[in-house]
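A.B. asks: just the structure for this:
(2 chains)
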2 protein chains.
Amino acid sequence: MTRTMATIGTKWKPIIIYTLGLKKQRFGLIHAKMELISKKILTEQLKELEEDGIVKREAFKEMPPRVEYSLTNKGLELLPILNMLTEWNAKHQQGQ
Amino acid sequence: MTRTMATIGTKWKPIIIYTLGLKKQRFGLIHAKMELISKKILTEQLKELEEDGIVKREAFKEMPPRVEYSLTNKGLELLPILNMLTEWNAKHQQGQ
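C.D. replies: Residues are numbered from 1 along each chain as shown, chains lettered A, B, ... in the order given. Sure, this is the predicted structure:
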């Protein structure tokens, strides 16, 4: 099990991937959409997702500086797998 | 993210689920098929999988005692999701 493959089982990364979805988004918006995550943790998690080739980071030399995040193709391909896992979880939580 | 949902991202549980597959198997055989896992860790992991409703444990009152493990329906439904995740991982490892 590689770290990349384990992404799907971590606390925050699946939520970050869902939050990004098909759109390119600024850090502040991602943080605003996600509940209960600190900026420090979100920054760390985005950095790891970037290292794993799941998230693309683009920095624009503007004033004030603008940084946007989006899913790579590799990241986009995780979306249907995450959907299946979420459906599986929801189905079996109802039964408990 | 529940512990059940995180199952797919752990080190050993996906391998245990694959190893069980569609068959009912005794502890000794599962341990023999899996490489590098200690009996202690395998026992712990099987116990957690049983608590999470993914694995079914059957103990037979024979001499010597016989214990068999198999996947529940909930566990069987994880197999195609694990397959997708494994294919996703293999595809993107080739590209690195």
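
A.B. asks: isn't residue A:53 right up against residue A:74?
C.D. replies: Yes: counting by Cβ atoms under 8 Å, residue A:74 is a contact partner of residue A:53 at 5.1 Å. Just so you know, the C-beta spots here come from the backbone N, C-alpha and C atoms, and that holds for glycine as well.

A.B. asks: show me how far whatever helix or strand residue A:16 lives in is from its chain's centre.
C.D. replies: Under the criterion DSSP states H and E, the helix or strand holding residue A:16 is helix A:13-20. Distance of helix A:13-20 from its chain centroid, counting by Cα atoms, centre = their mean, to the nearest Å, is 3 Å.

A.B. asks: list the neighbouring strands of the following helix or strand past it plus their orientation.
C.D. replies: Downstream of helix A:13-20, the next assigned helix or strand under DSSP H and E is strand A:25-26. As defined by DSSP bridges, the strand partners of strand A:25-26 come to strand A:66-71 (antiparallel).

A.B. asks: next, the buried residues of the partner strand.
C.D. replies: By neighbour count on 16 or more other Cβ atoms under 10 Å in any protein chain shown, the buried set for strand A:66-71 is A:68, A:69, A:70, A:71.

A.B. asks: next: stretch A:27-44.
C.D. replies: Going by neighbour count (16+ other Cβ under 10 Å), the buried part of stretch A:27-44 is A:27, A:30, A:31, A:34, A:37, A:42.

A.B. asks: touching the lengthiest helix in chain A from outside, list them.
C.D. replies: Ranked by number of residues, the top helix in chain A under DSSP state H is helix A:78-94. Identification of contacts with helix A:78-94 by Cβ atoms under 8 Å, 6 or more residues apart in numbering or on different chains yields A:7-8, A:14, A:17-18, A:21, A:54, A:71, B:2, B:4-5, B:8, B:53, B:74, B:77-78, B:80-81, B:84-85, B:88.

A.B. asks: type out the PyMOL command that picks the buried ones from those residues.
C.D. replies: The buried subset of those, as determined by 16+ other Cβ under 10 Å, is captured in PyMOL by this line:
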select buried, (chain A and resi 7+8+14+17+54+71) or (chain B and resi 4+5+8+74+77+78+81+84+85+88)
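
A.B. asks: residue ranges with poor pLDDT in chain A?
C.D. replies: Chain A contains residues with pLDDT under 70 at A:1, A:94-96.

A.B. asks: apply 90 and report the result again.
C.D. replies: A:1-11, A:35-36, A:64-65, A:86, A:93-96 (pLDDT under 90).

A.B. asks: can you tell me how far the closest residue to chain B within it sits from residue A:19?
C.D. replies: Distances between chain A and chain B by Cβ to the nearest Cβ are smallest at residue A:9, namely 1.5 Å. Taking Cβ to Cβ, to the nearest Å as the measure, residue A:9 falls 17 Å from residue A:19.

A.B. asks: more crowded one of the two?
C.D. replies: Here residue A:9 and residue A:19 are compared on neighbour count by other Cβ atoms under 10 Å in any protein chain shown; more neighbours surround residue A:9, at 22 against 19.

A.B. asks: do I have it right that that one meets residue B:7?
C.D. replies: Yes: assessed by Cβ under 8 Å, residue A:9 is found in contact with residue B:7 at 6.9 Å.
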